[in-house]
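J.: got a structure for you, letters missing:
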């Protein structure tokens, strides 16, 4: 099937709005699918930042009442992205984080906000826009989880659907009272539909009702079917195992390209990798770390949470500092972790420095200046940070879970001898195992030839969207043929 049309439904998309990896994936996949003859357009909420960047957008559909007030769908183009934006001021005209209010907690009407997004995504899938009738609707995470439900219970001929799990920990579970506002038939409130532990499960609905389920790495696809990693949904996922696929994410090689990146002090490529050291000096200077070529610089670019294993790093931090290493941290999250790292920086000036928050340009400098990027996650669906690290020649130190297991080749003796190693893996995610991995990193750093080989291997690894886009295109075509 040529000229396939796919509607992507996502709650964020780079470069319009971003809180995490979902936005990067939603922003990069449409462009990667062009070479596969797939026309993907994306429906997102018209947050203030989205409306500002879309500029003069055209109204393509109107709602007299969408969860309590009028709304409309506008269409526009930004860069290479074709965007449909749901303009519903009563739901999305709010500054700041798309999901959290000023007090840092979820907006109390998130159930309505993202039900509206899913409802409109299903409407477009059902042909409400004459100019774009998709063969497949691609829903992302719980915020779009009701799309397959609206399609399934519409009573009309519907396109096929695919849902991608970016992180199973976030499920969108709401009280049963919201069901009566969703506009779904009573038959939908069953264990085979949207009902989940007496309430409404948005992600659960998508997993039960979509034609195909994907997640963002092969290892994570296996892990989520176990009790340890399944977050209560492992039983459902096991029953649908034949429809579950793990497809690694890629990265946008135009945005993340050390040979052209304007955020760097010094651009470089594998043939000029020695120039990379200028970025290390620039990062040390920017963060107030002691200027040193010889001291290994470990870095973190992450949400600060237990999932990411940052508490393990906090306990293992003396291992780095006592051996004259340095730590640079960029991120925000749980307050006690922020306080712990802030105290570490205050007590170890010149060796530890933290920037709390997120700065996209600074993240690029971190990747280009760090010797090692730390990802001690307890679970990790895919991870984009280690892909950026490989691309920029920053050696990743990762726990052996999820996509980290699939993307980083451990520098064990055999891999080093074969010349294929790209990083350091450790297991289980514990302080002791992380400390041992840090010791291995110091040993590698003391061997310049081995360190250079690791960096070059990483920079030459294929972390693009070419392979993943081909897999998605194959699934989209299979779904469209079945739905036809």
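T.: Looks like it came in fine. Small disclaimer: the values here were computed from a predicted structure and weren't measured.
J.: so where is this protein shaky, pLDDT-wise?
T.: 1-2 (pLDDT under 70).
J.: biggest helix in it, by residue count?
T.: Identified as the longest helix of the chain according to DSSP state H is helix 466-483.
J.: now do that helix: which elements does it pack against?
T.: Under the contact criterion of 3 or more C-beta pairs under 8 Å, 6 or more residues apart in numbering; DSSP states H and E, the helices and strands touching helix 466-483 comprise strand 4-9, helix 21-33, strand 38-45, strand 136-140, strand 160-165, strand 212-215. The C-beta positions use only the backbone N, C-alpha and C, and glycine is treated the same way.
J.: switch the cut-off to 10 Å
T.: Taking 3 or more C-beta pairs under 10 Å, 6 or more residues apart in numbering; DSSP states H and E as contact, the helices and strands that helix 466-483 lies on are strand 4-9, helix 21-33, strand 38-45, strand 136-140, strand 160-165, strand 212-215, strand 244-246.
J.: run the chain-centre distance for it.
T.: Relative to its chain's centre, helix 466-483 lies at 20 Å (C-alpha atoms, centre = their mean, to the nearest Å).
J.: tell me the angle that helix makes with strand 38-45.
T.: Using axes from the mean of the first three to the mean of the last three C-alpha atoms, to 10 degrees, the inter-axis angle of helix 466-483 relative to strand 38-45 is 90 degrees.
J.: which of the residues in helix 466-483 are buried?
T.: Neighbour-count burial for helix 466-483 flags 468, 469, 472, 473, 475, 476, 477, 478, 479, 480 (criterion: 16 or more other C-beta atoms under 10 Å).
J.: make a markdown table out of these and add distance to residue 119.
T.: As requested, those are exported to a markdown table (distance: C-beta to C-beta, whole Å):
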| residue | distance to residue 119 |
| --- | --- |
| 468 | 29 |
| 469 | 28 |
| 472 | 24 |
| 473 | 27 |
| 475 | 24 |
| 476 | 22 |
| 477 | 26 |
| 478 | 26 |
| 479 | 21 |
| 480 | 22 |
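J.: between these, which is nearest residue 446?
T.: Distance to residue 446, by C-beta to C-beta, is smallest for residue 468 among the buried residues of helix 466-483, at 36.3 Å.
J.: quick check, that closest one in contact with residue 164.
T.: No: under the criterion of C-beta atoms under 10 Å, residue 468 lies out of contact with residue 164, with a separation of 11.1 Å.
J.: got the domain boundaries for this structure?
T.: Domains of the chain are assigned by automatic domain parsing as 4-250+466-483, 270-460.
J.: nearest to residue 259, out of these?
T.: Each of the domains of the chain has some distance to residue 259 by C-beta to C-beta; the shortest is domain 270-460, at 8.2 Å.
J.: so how far does the closest one reach from one end to the other?
T.: 8 Å (C-alpha to C-alpha, to the nearest Å).
J.: now it, how far from the centre of its chain.
T.: Taking C-alpha atoms, centre = their mean, the mean C-alpha location of domain 270-460 is offset from the chain mean by 19 Å.
J.: just want the angle from the longest helix of the chain to strand 160-165.
T.: 140 degrees.
J.: circling back to that earlier point, dump the helices and strands packed on helix 466-483 to JSON lines, plus distance to residue 399.
T.: Rendered in JSON lines, the data for the helices and strands packed on helix 466-483 read as follows (distance: least, C-beta to C-beta, whole Å):
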{"stretch": "strand 4-9", "distance to residue 399": "30"}
{"stretch": "helix 21-33", "distance to residue 399": "17"}
{"stretch": "strand 38-45", "distance to residue 399": "32"}
{"stretch": "strand 136-140", "distance to residue 399": "25"}
{"stretch": "strand 160-165", "distance to residue 399": "19"}
{"stretch": "strand 212-215", "distance to residue 399": "18"}
{"stretch": "strand 244-246", "distance to residue 399": "18"}
